[in-house]
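>>> Everything below, folded, please.
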Amino acid sequence: MITPRLVSGTLAATLLLAATPARTQVPAGAFTLVSPEGRRPLPTTVVGGREMVSLDELAALFNLAVRGERQSSTVTVSSRDRLIVLTANQAVVSVSGRLVSLPAAPVRTERGWLVPVDFINRALAPIYEVPIEIRRQARLIVIGTDVRVPRVAVRYQYTGELGRLNFDITPDTPHRVVEEPGRLLVRFEADALDVAFPTRTEGGLVNRLRLGDPQTVVTIDLGPAYGSHQATSLPGPDHASALVIELKPAAPRTTTLEPVPERPPPGAADAALAPDAPRLPTFAATPIIRAVAIDPGHGGEEMGARGASGTLEKDVTLDVAQRLRTEIERRLGLRVVLTRTGDETVPLDERAAIANNNKADLFLSLHVNASPSRSATGAEVFYLSLDEYGQEVREMAESDGRRIPVVGGGTREIDLILWEMAQVRYLEQSASFAAIVEDELRGRLEMSARAIQQAPFRVLVGANMPAVLVEMGFISNPEQERQLASPAFQHTIVEALVSAIVRYRNLVEHP
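The predicted structure follows:
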């Protein structure tokens, strides 16, 4: 038996929600009522396309007194001195003398009265003075303010080798990730979960995601390609948080096979006759970072986002880009290319072309963010997503190139890819660069709940080198607008980006 707590000094009522064991199965088509003391299934019936619940069932759950003749078209529901009057086939009920509309009229049947599910929060909640929230997607009815039922939105990203699960958790709820054979478990300290799962989990790292048993656990059934994971929890705005689980594939197994005779390559016979002849040189050069392209977002007629105090995105990005160029040239000795050096309009496709034509080895696009919520804050790092570009482009990204015949026999591998889609061959390098940039920014600045993401940004598509886009903060946040316009804050961003370039250069030149 559950006794709700005092709300605004008033004893709400006594609910007869028997504490149901956490592992009790909920019938299909039922809601689950969740209160601080227990869980209970509430079956539903579809009438005229609307989900209805039994008034007698509600009376037993909420300790209601129901009065009315079996053949009467009116029934009264009371709790203490509060009264609800229902009339068959009328979508309006009287709640303590106040008329309340329902999405469907109550229905009288041979087995008793049926009322729409919304009767619970529209009619019962006012007489109990306890918040009652219906979560239709999760099939939950949350009773009271002391119940912990976080909303958890799960997104899955697959980059051709690595997978990433992003959990956006509102409000922030303690959790931990546990690995068991064949699965990962995300255990939440909650009474229930309101979870939205992704529709696809391609790549062989994840088979499916589901609610576990008990239903405060998200179960990640792992696929045959899974090898290991790394979990990171991140704070977010408005009491939210994020959990990022990086999924890595297993190392390929090595097997010992009997050697199979192969056709000797062209020139093998000559080499056998002259064992001391010098070998032909290899032309596979070690990557070297010599030039960096910096793209100050917007410019000219394209002002970008605007803060409440009049700060413009195009001005902030150019200021940071010029500071960054000075520090890179002075401290690293690298050549720096700016896609714009003043307040001019540069089309998106031309920005990557400038970087390509100047043979840049890294591409860094600078922007500031904006949100309808003035409380949104923090930096974010993006690299290209292929979701908008179709299967053919994905196949290009996963291809190692094509082989064509050459004069004198044999074949040679070359890259055949549309120039305007050059970035698809650098996704893995861009993901590594983005992770380093995010890590350096995090050590100095506030990051958003989704600090590293993929997105189909047009400015990144044509870059023929590792490329990332940095949203340096939310100009729509008054405090962050002041920061973005300040030289001290811009210098902090520059320090983080210079350190990220140094780390990435060391990674590729001295693996």
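>>> Restricting to C-alpha, output the longest helix along the chain in PDB.
Taking DSSP state H as the criterion, the chain has its longest helix at helix 487-509. Output in PDB follows, covering the C-alpha atoms of helix 487-509 (Å, rounded to 0.1, in the frame of the first residue of the first chain):
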ATOM      1  CA  PRO A 487      40.800  38.600 -26.300                       C
ATOM      2  CA  ALA A 488      41.500  36.400 -23.200                       C
ATOM      3  CA  PHE A 489      38.900  33.800 -24.100                       C
ATOM      4  CA  GLN A 490      40.000  33.800 -27.800                       C
ATOM      5  CA  HIS A 491      43.600  33.300 -26.700                       C
ATOM      6  CA  THR A 492      42.500  30.300 -24.600                       C
ATOM      7  CA  ILE A 493      40.800  28.800 -27.700                       C
ATOM      8  CA  VAL A 494      44.000  29.400 -29.800                       C
ATOM      9  CA  GLU A 495      46.200  27.700 -27.100                       C
ATOM     10  CA  ALA A 496      43.900  24.600 -27.300                       C
ATOM     11  CA  LEU A 497      44.000  24.400 -31.100                       C
ATOM     12  CA  VAL A 498      47.700  24.900 -31.300                       C
ATOM     13  CA  SER A 499      48.200  22.100 -28.800                       C
ATOM     14  CA  ALA A 500      45.800  19.900 -30.800                       C
ATOM     15  CA  ILE A 501      47.800  20.500 -34.000                       C
ATOM     16  CA  VAL A 502      51.000  19.600 -32.200                       C
ATOM     17  CA  ARG A 503      49.500  16.400 -30.900                       C
ATOM     18  CA  TYR A 504      48.000  15.300 -34.200                       C
ATOM     19  CA  ARG A 505      51.300  16.100 -36.000                       C
ATOM     20  CA  ASN A 506      53.200  13.900 -33.600                       C
ATOM     21  CA  LEU A 507      50.600  11.200 -34.000                       C
ATOM     22  CA  VAL A 508      50.900  11.000 -37.800                       C
ATOM     23  CA  GLU A 509      54.600  11.800 -38.200                       C
END
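>>> My guess is residue 147 contacts residue 194. True?
No: the criterion here is Cβ atoms under 8 Å, and residue 147 misses it with residue 194 at 11.2 Å. C-beta coordinates here come from the backbone N, C-alpha and C atoms, glycine included.
>>> So which residues of the stretch 301-450 of the chain form helices?
Using DSSP state H, counting those that start in this stretch, the helices found in the stretch 301-450 of the chain span residues 313-327, 348-357, 390-398, 427-442.
>>> any idea which of those helices scores lowest on pLDDT?
Among those, helix 390-398 has the lowest mean pLDDT, at a mean of 47.
>>> remind me which residues of this protein are low pLDDT?
For the chain, the stretches with pLDDT under 70 are 1-28, 69-71, 236-238, 252-286, 387-421, 511.
>>> Which other helices and strands does the longest helix of the chain contact?
If you count contacts as 3 or more Cβ pairs under 8 Å, 6 or more residues apart in numbering; DSSP states H and E, helix 487-509 packs onto helix 313-327, strand 362-369, helix 427-442.
>>> deepest of those, which one?
strand 362-369 (a mean of 26; mean count of other Cβ atoms under 10 Å).
>>> Quick check: neighbours of that strand in the sheet, parallel or antiparallel?
strand 291-296 (parallel), strand 467-474 (parallel) (DSSP bridges).
>>> Run the angle between the last one and helix 487-509 for me.
Yep, that's strand 467-474 we're talking about. Calculated by axes from the mean of the first three to the mean of the last three Cα atoms, to 10 degrees, strand 467-474 forms an angle of 160 degrees with helix 487-509.
>>> Pipe the strands paired with strand 362-369 into TSV and attach mean neighbour count per row.
Below are these laid out as TSV (neighbours: other Cβ atoms under 10 Å):
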stretch	mean neighbour count
strand 291-296	26
strand 467-474	27
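>>> Nearest to residue 88, out of those?
strand 467-474 (53.3 Å; Cβ to Cβ).
>>> Can you list the buried residues in stretch 43-58?
Under the neighbour-count criterion of 16 or more other Cβ atoms under 10 Å, stretch 43-58 has 44, 50, 51, 52, 53, 54, 55, 57, 58 buried.
>>> Helix, strand, or coil at the fourth one?
Using DSSP: H, G, I helix; E, B strand; the rest coil, the secondary structure recorded for residue 52 is strand.
>>> Phi first, then psi, for the residue nearest to it when sequence neighbours are not counted.
In this structure, residue 52 finds its nearest non-sequential neighbour in residue 114, 3.9 Å apart by Cβ to Cβ, 6 or more residues apart in numbering. Phi and psi for residue 114, reported as degrees, to the nearest 10, are phi -120, psi 140.
>>> I figured residue 424 was touching residue 385, is that so?
No: checked against Cβ under 8 Å, the pair residue 424 and residue 385 is beyond contact range at 10.7 Å.
>>> List the residues that contact residue 193.
138, 149, 150, 152, 211, 215, 216, 218 (Cβ atoms under 8 Å, 6 or more residues apart in numbering).
>>> Provide the secondary structure category for the second one.
Just to be clear, that refers to residue 149. coil.
>>> what's it in contact with, if anything?
Counting by Cβ under 8 Å, 6+ apart, residue 149 touches 34, 135, 138, 140, 142, 190, 191, 192, 193, 194.
>>> Quick check: the first one vs residue 381, distance?
What it means is residue 34. In this view, residue 34 and residue 381 are 37 Å apart by Cβ to Cβ, to the nearest Å.
>>> Check the second one too.
Counting by Cβ to Cβ, the separation of residue 135 from residue 381 is 33 Å.
>>> Settle it for me: which of the two has more neighbours?
A direct count of neighbours by other Cβ atoms under 10 Å for residue 135 and residue 381 places residue 381 higher, at 26 against 16.
>>> Could you pull up the residues touching the closest residue to that one other than its chain neighbours?
The shortest distance from residue 381 to any non-neighbouring residue, by Cβ to Cβ, 6+ apart, is to residue 438 (4.4 Å). For residue 438, the contacting residues are 381, 447, 451, 452, by Cβ under 8 Å, 6+ apart.
>>> Any chance of a markdown table for those residues, columns distance to residue 163?
Putting the contacts of residue 438 into a markdown table (distance: Cβ to Cβ, whole Å) gives the following:
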| residue | distance to residue 163 |
| --- | --- |
| 381 | 18 |
| 447 | 21 |
| 451 | 17 |
| 452 | 14 |
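>>> Strands - which of the residues you listed land there?
Of the positions in the contacts of residue 438, 381, 447, 451, 452 sit in strands, assigned by DSSP state E.
>>> Residue 499: which of these is nearest?
Nearest to residue 499 among the ones in strands among the contacts of residue 438 is residue 381, at 13.8 Å by Cβ to Cβ.
>>> what about the closest one, distance to residue 114?
53 Å.
>>> that older thread, export the helices of the stretch 301-450 of the chain to CSV and tack on distance to residue 38?
Compiled in CSV, these are given as follows (distance: least, Cβ to Cβ, whole Å):
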stretch, distance to residue 38
helix 313-327, 51
helix 348-357, 56
helix 390-398, 48
helix 427-442, 41
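>>> Of all the ones you listed, which one is nearest residue 491?
Among those, if distance is taken as Cβ to Cβ, the winner is helix 313-327, at 6.7 Å.
>>> what is the orientation angle of that closest one with strand 467-474?
120 degrees.
>>> what's the distance between helix 313-327 and the middle of its chain?
29 Å (Cα atoms, centre = their mean, to the nearest Å).
>>> ok, residues contacting it?
By Cβ under 8 Å, 6+ apart, helix 313-327 touches 294-300, 302-306, 336, 338, 340-343, 364, 366-368, 370, 472, 475, 484-485, 490-491, 493-495, 497-498.
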